[in-house]
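J.: compute the structure for the input listed below.
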Amino acid sequence: MEFEKLRDIIVEVLNVDETEVTMESTFIDDLGADSLDVFQIIMGIEEEFDIEIPNEEAEKIVTVGDAVEQIKKAVSEQ
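T.: The predicted structure is shown next:
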C-alpha cells in the first residue's frame, strides 16, 4: 500500500511512467530527480501519510525502497 501511494506521488512530481518506479529505483540516477524534486516528493509523502520525516532521515532516502521504509517507520511511531 505504501509503495502504490508513493509511486503515484513520484509519477506526479517527476512525470515518469509508473512502470519505471520500482523499489530499487534511485530518485536521482534512475528517475532523473534533482534535490528539489526529492524535496517535493518528501513533502508529498508527509502530506499523504500525515507523517513527518526528520531532515536527517530524509537525507538517507536514495531509493524508492528507502522512502517506503521511512514511511513504514514513521507510521509505526504514531
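J.: strands of the chain, residue ranges please.
T.: If you assign secondary structure with DSSP state E, the chain ends up with no strands.
J.: in it, where's the longest helix?
T.: As far as residue count goes, and with DSSP state H defining each element, the longest helix of the chain is helix 35-49.
J.: so for that one, what gets flagged as buried?
T.: Within helix 35-49, the residues that count as buried by 16 or more other C-beta atoms under 10 Å are 37, 38, 40, 41, 42, 44, 45, 49. Glycine gets a C-beta too; all of them are placed from N, C-alpha and C.
J.: quick one: it to chain centroid distance?
T.: For helix 35-49, the gap between its own C-alpha mean and the chain's C-alpha mean amounts to 7 Å (C-alpha atoms, centre = their mean, to the nearest Å).
J.: how far away is the residue most central in space within the chain from residue 16?
T.: Central residue check for the chain by C-alpha atoms, centre = their mean: the C-alpha nearest the mean position is that of residue 67, 4.5 Å away. In this view, residue 67 and residue 16 are 15 Å apart by C-beta to C-beta, to the nearest Å.
J.: what's near enough to touch residue 74?
T.: Contact partners of residue 74, counting by C-beta atoms under 8 Å, 6 or more residues apart in numbering, are 49, 51, 52, 53.
J.: cool, and residue 44?
T.: 9, 12, 13.
J.: show the model's pLDDT score for it.
T.: Confidence per residue is given as pLDDT, and for residue 44 that number is 97.
J.: for residue 70, see how far away it is.
T.: The spacing between residue 44 and residue 70, counted by C-beta to C-beta, is 13 Å.
J.: the residue nearest to the centre of the chain against residue 45, yeah?
T.: Yes. Assessed by C-beta atoms under 8 Å, residue 67 is found in contact with residue 45 at 6.5 Å.
J.: skipping its backbone neighbours, what lies nearest residue 23 in space?
T.: Leaving out its chain neighbours, the residue that sits closest to residue 23 by C-beta to C-beta, 6 or more residues apart in numbering is residue 65, at 4.0 Å.
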